[in-house]
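> Give me a model of this one.
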Amino acid sequence: MIKAVIFDMDGLMLDTEKLLLRYWLEAAHQCGYAMQRGHVLGIRSLAAKYAIPKLKKELGEDFDYYRVRALRIRLMNAHIDTYGLEEKPGLGVLLEYLKENGYRTAVATATDLQRTTRYLGSLDRLKYFDKVVCAPMVENGKPAPDIYLEAARQLEMPPEVCMALEDSPNGILSAYRAGMYPVMVPDLTQPDEETEKLLYRCVESLSDVILVLEEEREKSDGSKGDIK
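Numbers count the residues shown, from 1 in each chain. As a prediction, this is how the structure comes out:
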């Protein structure tokens, strides 16, 4: 039975992947690199140690990841300071459902702790989470399983009773490797053939996760009733 739900943040809870796409491209172009949409999509949720060699292979050995990333952060922060953040549809109703039904909750994000707490705090969503785990807190970021395993450890839950909610293939792979129930809520792209093989479910919105959890509760209640 699922007892905990662990959330990615960008593109899953917050409608920020479109901003990441926009400002990765803008920053790269300002720095003189011919980055395209596909390059950005390929590094969603990907830790720097994996993203750097990938982008150097695709864009050239001179690609300065940290320079471009620093500019991207400044540009994106300026946008957020001006226009604020948007959350994804269904987030509020899902968080209330989890709270009312006693699920443990955590965030597992590639974003650093300072920005994670600022982003979620600005929307008054931070209070719904028991734990917040960010990539700098673990040795290996997504798609390695470390961040999800650390979230489960902090929640004091075995991975096999945890559902992981993700919008990107790298995040789904991380959750799958951790031995959790990977559920995809697509944002910028639908799951490809390889990602589909890893999924427990794929749903259109966060509110649909409630239906998945209700189905699991019914299965669990039914199996208990079979025991003599």
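> Next, work out how far apart the closest residue in space to residue 164 that isn't next to it in sequence and residue 115 are.
The spatially closest residue to residue 164, leaving aside those adjacent along the chain, is residue 175, at 3.4 Å (Cβ to Cβ, 6 or more residues apart in numbering). (Glycine included, C-beta is placed from N, CA and C.) Distance, residue 175 to residue 115, by Cβ to Cβ, to the nearest Å: 22 Å.
> since we're on residue 136, how many residues are nearby?
Using other Cβ atoms under 10 Å, residue 136 has 14 other residues around it.
> I'd say it and residue 113 touch.
Yes: with contact defined as Cβ atoms under 8 Å, residue 136 counts as touching residue 113 (7.2 Å).
> Now for these two: what residues contact both?
When Cβ atoms under 8 Å, 6 or more residues apart in numbering defines a contact, no residue borders residue 136 and residue 113 alike.
> so residue 173 sits right up against residue 147, yeah?
No: judged on Cβ under 8 Å, residue 173 makes no contact with residue 147 at a distance of 11.8 Å.
> thinking again about what came up before, residue 175 and residue 115: who's more crowded?
Between residue 175 and residue 115, counting by other Cβ under 10 Å, residue 175 is the more crowded of the two (31 against 18).
> these two touch, right, that one and residue 148?
Yes: with contact defined as Cβ under 8 Å, residue 175 reaches residue 148; the gap is 5.3 Å.
> can you tell me which helix or strand the residue nearest to residue 164 belongs to?
Taking DSSP states H and E as the criterion, residue 175 maps to helix 169-177.
> now that helix, how far from the chain's geometric center?
Computed by Cα atoms, centre = their mean, to the nearest Å, the chain-centroid distance of helix 169-177 equals 9 Å.
> Give me the common contacts of residue 175 and residue 148.
Common neighbours of residue 175 and residue 148 (criterion: Cβ under 8 Å, 6+ apart): 6, 164.
> so what's residue 205 closest to, chain neighbours aside?
Residue 205 sits nearest to residue 90 (Cβ to Cβ, 6+ apart), 4.4 Å away.
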